[in-house]
Each structure stands twice: as structure tokens, then as C-alpha cells.
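Chemist: Show me the folded form of this:
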Amino acid sequence: MQRKVRAAPTPFYPSSDGKPMAETDWHRKLLMELLQIIDHHFREHDDVYVSGDLLIYYKMGDNTKSVAPDVFVVRGVAKKQRGTYLTWEESHTPDFVIELASPSTVRHDLTTKKDLYASVLKVKEYYIYDPLHQIQPHFVGFRLVDGVYQEIAFVNDRLPSEVLNLELGERDGTLRMYDPMIEQWLVPPQERAEQEALARQHAEAELAKALATLERLQAEKDN
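Modeler: Here you go, the predicted structure:
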């Protein structure tokens, strides 16, 4: 009796690992704000992919080889929605990663993840930040040099990112991005909307003031 040749099962790469999105509400809020800030900054770049808490699989055929950075950026790939990130299909690994740490995760962030990001994924820049300042140092960054992470030095209390061409630092006690080209802090959508509303109110008030002055001068001229 002739045996039927069966095809090998196609590997399944789940989009969830069953773990919570963030340690605390503070971690989750900051994670979302950072994603929104970076995504908005690169909104006109079709080849910059910004994501976070998304499973990255880095070994084809082995769905146990995965990691889900809190925030990551990949340059040179299409800006589109993804359920998972398969490095062998994208042909690019993340260039930039931020992990939002806590006392329960920092050891893992500084050992296992750091080794993975350096030796396997070749992440060019890796940052670790504790929103609650419970660990010391609560903010550190590394840049990959000849396959080894070297600590990034602070400049004006900020860590310069060569990948993003931005600077990472604290503003009002939380992690934000600073654009040295325009010498401004980048802010999340809600804060940006508030700033734009205040700017409009100021412009409208100035216009009303100018019109009132013009009317007064016209009235004085007519008299």
C-alpha cells in the first residue's frame, strides 16, 4: 500500500503571548503617547514603521522565538498595519527600541533582552526608561558599535538618537522627544490639540484687537 506524503504543517505565529500590555497605567499611558509622538513625527515617511507591544518573530519555523518591545521603529519597510512582525519576510529588524522598565522587569531588560537585541536582532539603539523612577538609573540608552552595546552619553540632559534624529529626555517628569532641528519638544496629540487651540484663541484675540483699533481710528478720522 502506497503511503501518502503529507505536507509539513505551516507554522502558526500567534499575535498575542497572553501577557498584559504594560506593567501599570503609567507605563501604558506613556507607551501610547510615545507611539503617537513618533508616529506623527514620521507621518510623511512611507518607509518608517512605528509600532509597540507587537510580537516580533525572528526565527522562521520556530514560534517560540519572539519578543514584543514596548516601542520600536524600523526604517526601510512599508508603513502598514501588521498582526505580527516576521523578520525573514520583512528583511529588516528594528533599528530603535524602548523598553519601559520596572523593578520586576529591569533585570530581564538589561540581560536577556539586551543580548537578544544586540546579537540577534542587531537593534542599533536600545533605551530603557522607568516612568516611576523606582530603579537607578531610571533612564539609560545604548548604541550598537561593532556588535556591542555602548552606553550613550547625555547631552544637555538628553540622549541623542542617531536613528530618529531626535533627542530623548524628560519634560515635566516624563519621557519625551526633542527635535533639535526646530528646537521644540514633540508632544502627544491631546497636548498638541490644546496648544493649537490656544494659538487660535490668541490669534483671534489679536485679530479682534486689531479690528477694534482700526474701527476706532476710522471713527476718529470721520469725526
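
Chemist: which residues in the chain form strands?
Modeler: 48-51, 56-57, 66-67, 71-75, 85-86, 96-100, 125-129, 139-145, 148-151, 158-161, 166-171, 174-179, 184-186 (DSSP state E).

Chemist: Residue 209 is nearest to which of the ones you listed?
Modeler: Of all the strands of the chain, it is strand 184-186 that lies closest to residue 209, at 26.7 Å by CB to CB. For glycine as for every other residue, the C-beta is placed from the backbone atoms N, C-alpha and C.

Chemist: and that closest one, what other elements does it pack with?
Modeler: Using 3 or more CB pairs under 8 Å, 6 or more residues apart in numbering; DSSP states H and E, the elements in contact with strand 184-186 are helix 25-41, strand 174-179.

Chemist: Of the ones you listed, give the one that comes closest to residue 189.
Modeler: helix 25-41 (5.5 Å).

Chemist: by contact count, what packs against the closest one?
Modeler: So helix 25-41, by 3+ CB pairs under 8 Å, 6+ apart, packs with strand 48-51, strand 71-75, strand 96-100, strand 174-179, strand 184-186, helix 189-222.

Chemist: can you state the direction angle for that helix and strand 125-129?
Modeler: 140 degrees (axes from the mean of the first three to the mean of the last three CA atoms, to 10 degrees).

Chemist: So which bits of helix 25-41 are buried?
Modeler: Within helix 25-41, the residues that count as buried by 16 or more other CB atoms under 10 Å are 27-28, 30-39, 41.

Chemist: so can I have a markdown table of those showing distance to residue 76 and pLDDT?
Modeler: Output for the buried residues of helix 25-41, formatted as a markdown table (distance: CB to CB, whole Å; pLDDT from 0 to 100):
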| residue | distance to residue 76 | pLDDT |
| --- | --- | --- |
| 27 | 29 | 94 |
| 28 | 29 | 94 |
| 30 | 27 | 96 |
| 31 | 24 | 96 |
| 32 | 25 | 95 |
| 33 | 25 | 96 |
| 34 | 21 | 97 |
| 35 | 19 | 96 |
| 36 | 22 | 96 |
| 37 | 21 | 96 |
| 38 | 16 | 97 |
| 39 | 17 | 96 |
| 41 | 17 | 96 |
